[in-house]
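# Test case, fold it:
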Amino acid sequence: MRRSTGLAIAGAAALAWGEWLNRRWSRALVGNSGGDSEAVIVLGYQNPQATANFINRWRVRAGIRSIAADSARDTRVVFTGGATSGGVAEAQLMADYAKSALAFDGTVLLEDKSMTTWENIRNVIPLLEGVDRIKIASQPAHGLKARAYLRRQRPDLAKKLVQADDYRPGEWMVVKPLLALYGLWTLRGLDADERKASL
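Residues are numbered from 1 along each chain as shown. Alright, predicted model coming up:
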């Protein structure tokens, strides 16, 4: 009885920790810029098959719902990611999914050459010029990493970063502790101020 109670408490603590850390990451390095125009960047994930995989489909949905939460009149969605294993670029697969499965008919821009998160950000910079707000949609740790990279590459554009709708309480709840552990590993190259600072 005690053992099962201890396991239940440990499990609940792990779930709460995963929620807390993912929520914290989703709110790091963002401000509250206003304005009428925005760019929502949707970061791709390795996708060797001919259609968008589960993670890329979720990222597309997070990107599209990030638009719905605002009243920006001029929104562009930027799908970014090159081809893995010689197939179709991640950016194209995500754009196809947004149009066919989600019936998204807004402005779509593609960046289909990048192979890393650093390249994702470097290559979308020309597509961000002139917008008032920038959102980056991905899993929270990955989104934070991309925001830190934008801050390093173009601090002026990083001042326009606002929160995307890529964290929701309870979503991915069971795997959030694993995502948190993986996130801690992938974010180890960031400075302490990049993990928690607000712009």
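
# drop to CA atoms for contacts and neighbour counts, all remaining ones
OK.

# in the helix ranked longest in the chain, what's buried?
Looking across the chain with DSSP state H, the single longest helix is helix 2-26. Applying a neighbour-count criterion of 16 or more other CA atoms under 10 Å, one finds 14-15, 18-19, 21-26 buried in helix 2-26.

# how close does Gly189 sit to Val174?
Noted for Gly189: a distance of 26 Å to Val174, by CA to CA, to the nearest Å.

# Just list what the host helix or strand of Trp58 packs against, helices and strands only.
Taking DSSP states H and E as the criterion, Trp58 maps to helix 54-68. Helices and strands touching helix 54-68, as assessed by 3 or more CA pairs under 8 Å, 6 or more residues apart in numbering; DSSP states H and E, comprise strand 37-43, helix 90-100, strand 133-137.

# Gly189 and Val174: which is more packed in?
Val174 (14 against 10; other CA atoms under 10 Å).

# Please report the distance of the residue positioned nearest the centre of the chain from Glu19.
In the chain, the centroid-proximal residue (CA atoms, centre = their mean) is Ser138; its distance is 2.0 Å. Taking CA to CA as the measure, Ser138 and Glu19 are separated by 15 Å.

# same deal with Lys176?
Relative to Glu19, and taking CA to CA, Lys176 is found at 6 Å.

# ditto for Glu194
Taking CA to CA, one finds Glu194 at 20 Å from Glu19.

# neighbours around Trp185, how many?
Counted with other CA under 10 Å, Trp185 comes out at 11.

# Likewise for Ala101?
11.

# Could I get the pLDDT score of Gln139?
pLDDT, Gln139: 96.

# pretty sure it is in contact with Ala164, am I right?
No. Gln139 is beyond contact range of Ala164, at 10.4 Å (criterion: CA atoms under 8 Å).

# what about these two, which has more around it?
Ala164 (26 against 21).

# and that one, what does it touch?
Ala164 makes contacts with 26, 40, 62-63, 66, 135-137, as judged by CA atoms under 8 Å, 6 or more residues apart in numbering.

# what stretches of the chain score poorly on pLDDT?
For the chain, applying pLDDT under 70 flags the ranges 1-3, 68-72, 195-199.

# Go again with 50.
Applying pLDDT under 50 to the chain flags the ranges 199.

# Ala91: neighbour count?
28.

# and it, how far is that from Ile136?
14 Å.

# Check Leu128 too.
For Leu128, the distance to Ile136 - CA to CA - is 12 Å.

# out of these two, which sits in the busier spot?
Ile136 (30 against 19).

# The residue lying closest to the more buried one once chain neighbours are set aside: how many residues sit nearby?
Residue nearest to Ile136 in three dimensions, not counting chain neighbours: Ile41, with 4.7 Å by CA to CA, 6 or more residues apart in numbering. By other CA under 10 Å, the residues close to Ile41 number 30.
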